[in-house]
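Novice: model this:
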Amino acid sequence: MKKTCKKALALFLALALTMGLTLAVSAETEVEDAVEVPPFAEIYFFKTGDYDILYRVIPAQGKQIGRIFFIHGFVSSTYCWEDLAPLFSEAGYMCAMLDLPGFGFSTRESADVTPKDREAICAELMELLAPGERWIVAGHSMGGGVAVNVATMFPDKVSSLLLYAPGGVGGAVAGGTIMEALIEPLGNFLDALASVVLKSDFLPRLLFAMATADIAYARTYDISRVSNHLKRPGTMKSALYMLFRSKPVDFEAASKLDIPILLVWAEKEYVLTSGMANDMKAGLPQAVTMTIDAGHMFPEPRAQEVFEMSREFLSGINS
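Specialist: Numbers count the residues shown, from 1 in each chain. The predicted structure is shown next:
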């Protein structure tokens with residue numbers, strides 16, 4: 001049995017490597033299409049360990065009444081806050097957001113990068129931008145799980161949580177779901193495959209339509225907001241390293257958080273599994289829960305509604 005498993009593993013590795021190399025040859029010309037310059041008017045980078053992390057800051061308009069730190073989800077970037085963050089800025093909140101390692105225009109995870117917890121990177125940037133101050137932390141999807149961990153690991157940095165369809169993604173090594181030996185060959189294969197798939201907008205737009213549950217919105221959406229940063233070399237391999245290295249959500253610690261927490265769930269949820277959502281709900285029994293008639297990616301197409309729900313929640317805890 002052991003010999004059979006070893007042969008199967010060796011065959012898979014050889015197949016993945018061969019397919020990856022084959023696709024890489026056909027995709028060589030596509031490397032030029034990778035967008036290396038972030039398409040934003042004002043961006044900043046800060047270096048922490050082996051990482052260069054992109055972040056953006058939108059100052060509060062008028063009198064500042066608070067500050068919000070935004071954390072995006074899996075295969076996303078600061079782009080996902082493009083519609084929501086300005087609404088908070090207009091309401092008097094300083095808004096800061098970052099591209100997590102491996103996504104957007106931040107350093108890709110690799111064998112040459114010494115890992116650093118995403119939560120520690122977020123806390124470091126929060127301290128850099130507002131020394132000694134606490135933040136409202138907003139997280140979407142995977143970023144919601146990171147936000148919960150930031151609150152449990154760095155309680156002096158977080159005053160409240162805004163969690164939009166949050167899910168815990170990470171800690172695959174603990175569950176044995178990804179073997180480290182597979183990351184390099186499988187990552188090479190997925191990167192080559194992505195470079196071919198991303199030649200066309202069809203699949204990214206189709207997936208975005210499923211994630212938003214809004215075909216009309218997806219049809220006119222600038223899909224480059226999703227696909228451009230995914231074209232950067234090493235993105236898919238980086239995602240595998242992230243899944244292997246990152247911390248799972250500490251639900252036991254989360255259940256003991258004594259801060260205001262808002263949970264907003266999508267009624268048309270086609271991305272998170274029921275298990276992921278149920279784990280988060282059970283792990284945060286103290287949270288205020290709301291739902292929105294939209295898909296998983298609701299912070300973009302339903303930004304105004306999400307803002308109003310969040311502002312109502314924040315007004316209630318400050319009154």
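Novice: doesn't Asp52 fall inside a strand?
Specialist: Yes. Under DSSP: H, G, I helix; E, B strand; the rest coil, Asp52 sits within a strand.
Novice: thinking it is in contact with Arg108, fair?
Specialist: No. Taking contacts as Cβ atoms under 8 Å, Asp52 lies outside contact range of Arg108: 10.3 Å. Quick note: C-beta positions are derived from backbone N, CA and C, even for glycine.
Novice: looking at these two, which one has more neighbours?
Specialist: Neighbour count, other Cβ atoms under 10 Å: between Asp52 and Arg108, Arg108 has more, with 20 against 14.
Novice: on the three-state scheme, that one is what?
Specialist: Classification of Arg108 using three-state DSSP returns coil.
Novice: so it versus Ala60, what's the distance?
Specialist: Separation of Arg108 from Ala60 (Cβ to Cβ, to the nearest Å) stands at 32 Å.
Novice: for Gly73, same thing?
Specialist: From Gly73 across to Ala60, the span is 25 Å (Cβ to Cβ).
Novice: and Met290, by the same measure?
Specialist: Between Met290 and Ala60 the distance is 24 Å, computed by Cβ to Cβ.
Novice: quick one: the strands in the chain?
Specialist: Secondary structure of the chain (DSSP state E): strands located at 44-48, 51-58, 66-71, 93-98, 135-140, 158-164, 261-268, 288-295.
Novice: what packs against the fourth one?
Specialist: With contacts defined as 3 or more Cβ pairs under 8 Å, 6 or more residues apart in numbering; DSSP states H and E, strand 93-98 has these neighbours: strand 51-58, strand 66-71, helix 85-90, helix 118-129.
Novice: distance check, the closest residue to Ser89 other than its chain neighbours against Ala96.
Specialist: Leaving aside its chain neighbours, Ser89 sits nearest to Ile58 (4.6 Å; criterion: Cβ to Cβ, 6 or more residues apart in numbering). Per Cβ to Cβ, Ile58 is found 8 Å from Ala96.
Novice: cool, Ser246 as well?
Specialist: Distance, Ser246 to Ala96, by Cβ to Cβ: 21 Å.
Novice: about what we covered before: go through the strands of the chain and name the closest to Thr114.
Specialist: Closest of the strands of the chain to Thr114 is strand 51-58, at 9.1 Å (criterion: Cβ to Cβ).
Novice: show the pLDDT at the residue nearest the centre of the chain.
Specialist: The centroid of the chain falls nearest to Gly73 when counting by Cα atoms, centre = their mean (2.1 Å). Predicted confidence (pLDDT) for Gly73: 96.
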